[in-house]
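K.L.:
structure for this input, please:
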Amino acid sequence: MNETIVCPTHGKGLYEITSDVQEVVSRSATDDGLCTVMIQHTSASLTIQENADPSARHDLQDWLERNVPENDPHFTHTHEGPDDMPSHIRAALTSTTLSIPILGGRLALGTWQGIYVWEHRRRGSHRRCVVHVGA
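P.N.:
Predicted structure coming up:
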């Protein structure tokens, strides 16, 4: 089973999609299998991260900002602004695909884990994620 979910973003940061992905898994009626999520973009990514304390997500975003800054004079791919090339590098350093086991009809995430779209652009977008559920 395949479905596409859309995650509206409003600028840089992590946007939780765990419940959206779980809804796809539930509709599939798969008891045990594998859920694969792939984001169809090159300037955003996916991550499994702590969903209890927002300071963890803030610190991740802050670390990435420091380590892949905008306005690097070495970047040549700047057609869409100073956040263009850094967003591609950030997506390359993180993940564009996640695989999560399904056990008993539920995503086998840990107690404090959530699935996030990680938006790397300042302007935000409507990010499409393909969710594949297989037994």
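K.L.:
so which bits of stretch 92-112 are buried?
P.N.:
94-96, 98, 100, 102, 107, 109 (16 or more other Cβ atoms under 10 Å). To be clear about C-beta, it is placed using only N, CA and C from the backbone, and glycine gets the same treatment.
K.L.:
got the buried residues for stretch 21-35?
P.N.:
Applying 16+ other Cβ under 10 Å to stretch 21-35 flags 21-22, 24-25, 28, 30, 33, 35 as buried.
K.L.:
and the longest strand seen in the chain, how far from the chain's centre?
P.N.:
Longest among the strand segments of the chain by residue count, using DSSP state E, is strand 126-134. Distance, stretch centre to chain centre, for strand 126-134: 10 Å (Cα atoms, centre = their mean, to the nearest Å).
K.L.:
mind listing which of the buried residues of stretch 92-112 are in strands?
P.N.:
Short answer: those in strands (DSSP E) are 98, 100, 102, 107.
K.L.:
what packs against the longest helix along the chain?
P.N.:
As assigned by DSSP state H, the longest helix anywhere in the chain is helix 54-67. Applying 3 or more Cβ pairs under 8 Å, 6 or more residues apart in numbering; DSSP states H and E, we find helix 54-67 packed against strand 13-16, strand 44-50.
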